[in-house]
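**Q** return a 3D structure for these sequence lines:
(chains A and B)
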Amino acid sequence: MTAILYVDGIGLSGPGLDGWAQGAAVLRGEQPWSWREPAPHVPQLLPANERRRATASVRLAFRVAEEAVAAAGQPALGMASVFASADADSPILHRTCLALADAPQTLSPTDFHNSVHNAALGYWSIATGSRLPSVSLSAADASFAAALGESVTLALSESLPVLLVAFDLQGPPFLANVLEHRFTNAVALVLGVRRSAASIAALEVEPAVGDPTRMSNPDLEKLRSDGTAMRALPLLELLSLGRPGPVFLGGPGSLGFQLTVLPC
Amino acid sequence: MRTGADVKPIPVSHYTLTSALGRGRAAQLQALLDERGGLTDRPFRHCELATWTGQVDGLAVPVAADHRAWDCRANRLASAALQQDGFVEAVAALRRRYGARRIGLFVGTSAGGVEVSEAAYRARDRSVDARLEPPFDARVANTYTPAGYLRQRLELEGICIAISTACTSAAKVFASAARAIECGWCDAAVVAGVEALCMSTLYGFNSLQLLSRNPCRPADPARDGLSIGEAAGFAILDPRADAPLALLGYGESSDAHHMSAPDPAGRGARLAIDGALSRAGLTADRIEYINLHGTATQANDRAEDAVVVSCFGTGTPCSSTKGWTGHTLGAAGIVEAVLSLICIEDGLLPRSLNTTQKDPALSADIVMRTRRAPLRHVLSNSFGFGGSNVCLVLGRP
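**A** You can find the predicted model right below:
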């Protein structure tokens, strides 16, 4: 069954893609792409004392979530949310595994409660005050596609706009040879069930079998294939161009999602 | 949030559970009838904490050779659980009926395969520039590990996600699966919860001073924290099945309060309960038993009591089954859903095990002696870190 949602806001952060405005200029081919780490982000929605203590995954998720919500011009309080990540907070995983291996009694209680996969989602709910349904999920390197699927079913069954946030961090050097994604990257979308003044495009979504759409620019294609959230780039490229078209997002197996972008 | 009884019950055509109470449904029921809890003070691997755990025995054998790359304790547990109650065969029949691409797989876990990372760090090269190297495989050490294994083991090719919302993970799988079925994205769904004991959770809850040194005592005035358990549970949601039991409703919410402490006002929990009752089209007085989240921490049991009493009054029998199985974290949602289904089938109200007396500060009707009672509608609560709340209503439509 084909479902339709409206893209009301976009957040983007990755190497050489520092926010949706600059990233869209790169995706449209108006700016050359080059590898540059995005400037550090301080979460605006967290209270001051929480800001200082915010973990890397929280900073990253908030960066794109805040951008997408601001663009949508709707309060986050009224949005359900789906957060997706392959490895969540790998720097915390590293610290907890070191502690457990060498001196387990020294494991930090703060690291432990921040190590849950839904930590960023939990902080988002605390920061925005939203008590609406939320999901934190993983489908390994197909996590963005899985999050989009979950966002569609959540939006339609609850009749609510959904904030989708996909993120993964560059792991610590100790894990550099074993983690699949090697850089920090994140994407957020605000997806509405009805067209709004902020709607950029309608998005048709349907489970299907196919081959993933690739980027024609080899640098951007490398980002797409190596960054779990960057799997969204072919979709973001069409959205940046305001062009209609199909995008296929690969799933964990042969079944993925066929998307059709229809600009508003 | 949607209101009104506009959601059809989804039949639960098959279900199974392997926990510290034993392997398969009959073993769970027998343990409940015999008043034989699953907690033990036997040491678990490298854990030096004085605590009780709900261990599943006999997980020394690796998963089958075809799936050896996925071998870890969580997947051994999943593999063992699948062998019970004809579950693998039921999934095969489902594949034949609908096709592998039309069956969704929704797997709840909190720790996933983290024990693989724990072992790799213990065995690591401790020189300054050393890095973790293959054959360490990060894919079998993360949240998706049980889902990745089960997808191959059950030969499913449909929508597949790992849900990880701490201790509500395996309750949320029912909600996600119901949505995907409602949306027409799958014809039926396998829902699962898989959680193995590991150092991260044992020492983690210890670091938060939430781990009891005794078998946990939900709702007891002397309760002093949780006992951790491990389990794998599975269910098939098949809208076309002719089955006596069904998922009648679900509700989800967030606390928006604190990462690891419940909202004492229970506002989020109340939304989840109201959502579940509303979807089920039931008023609170139609619920005959509540399986509490009941972790046996002072804060959880107090906050949950307040919200349960505000929704249901003081007359609905309630108990936590965590004194039987331990808190199975990312599997707890389905552990308690399956125990609820078993209790409905057998007409059983399970007692709050290890609870010597009810905390006079609590008002809910805590079941202190296991007894027989016909059950049609049961509600099961799950709450977790990050302020995640899920409530399920299960029963006979």
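**Q** now the helices for chain B?
**A** When secondary structure is read from DSSP state H, chain B shows helices at B:25-34, B:73-82, B:87-98, B:114-122, B:145-153, B:169-182, B:199-207, B:267-280, B:298-312, B:322-325, B:332-346.
**Q** reformat these as CSV; add distance to B:Asp57 and mean pLDDT.
**A** Glycine gets a C-beta too; all of them are placed from N, C-alpha and C. Formatted as CSV, the helices of chain B follow (distance: least, CB to CB, whole Å; pLDDT from 0 to 100):
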stretch, distance to B:Asp57, mean pLDDT
helix B:25-34, 12, 98
helix B:73-82, 10, 98
helix B:87-98, 19, 98
helix B:114-122, 17, 96
helix B:145-153, 20, 97
helix B:169-182, 21, 98
helix B:199-207, 18, 98
helix B:267-280, 34, 97
helix B:298-312, 28, 97
helix B:322-325, 14, 98
helix B:332-346, 17, 98
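**Q** compare the ones you listed and give me the one nearest B:Thr370.
**A** Counting by CB to CB, B:Thr370 lies closest to helix B:25-34 out of the helices of chain B; the figure is 6.6 Å.
**Q** by mean pLDDT, which helix or strand of chain A comes out lowest?
**A** helix A:48-53 (a mean of 84; mean pLDDT, DSSP states H and E).
**Q** these two touch, right, B:Gln30 and B:Gly24?
**A** No - at 9.9 Å, B:Gln30 does not count as touching B:Gly24 under the criterion of CB atoms under 8 Å.
**Q** before we move on, the earlier item: name the next helix or strand following the least confident helix or strand of chain A along the chain.
**A** helix A:56-72 (DSSP states H and E).
**Q** angle of whichever helix or strand comes after that following helix against helix A:56-72?
**A** Using DSSP H and E, the helix or strand that follows helix A:56-72 towards the C-terminus is strand A:80-84. Orientation check (axes from the mean of the first three to the mean of the last three CA atoms, to 10 degrees): strand A:80-84 against helix A:56-72 gives 140 degrees.
**Q** re the thing from before, so for B:Gln30 and B:Gly24, which sits in the more crowded spot?
**A** Remark: of B:Gln30 and B:Gly24, B:Gly24 carries more neighbours, 19 against 13, as counted by other CB atoms under 10 Å in any protein chain shown.
**Q** got the contact list for the more buried one?
**A** B:Thr16, B:Leu17, B:Thr18, B:Gln84, B:Asp85 (CB atoms under 8 Å, 6 or more residues apart in numbering or on different chains).
**Q** look up phi and psi at it.
**A** For B:Gly24, the backbone dihedrals (degrees, to the nearest 10) come out as phi 90, psi 170.
**Q** how close does it sit to chain A?
**A** In this view, B:Gly24 and chain A are 29 Å apart by CB to the nearest CB, to the nearest Å.
**Q** okay, the residue of the stretch 101-250 of chain A found nearest chain B: pLDDT?
**A** Proximity of the stretch 101-250 of chain A to chain B (CB to the nearest CB) peaks at A:Gly122, 2.8 Å away. What the model reports as pLDDT for A:Gly122 is 95.
**Q** which SS class is it?
**A** Recorded secondary structure, A:Gly122: helix (DSSP: H, G, I helix; E, B strand; the rest coil).
**Q** just to check, A:Ser196 is in contact with A:Gly9?
**A** No - counting by CB under 8 Å, A:Ser196 does not reach A:Gly9; the two are 9.8 Å apart.
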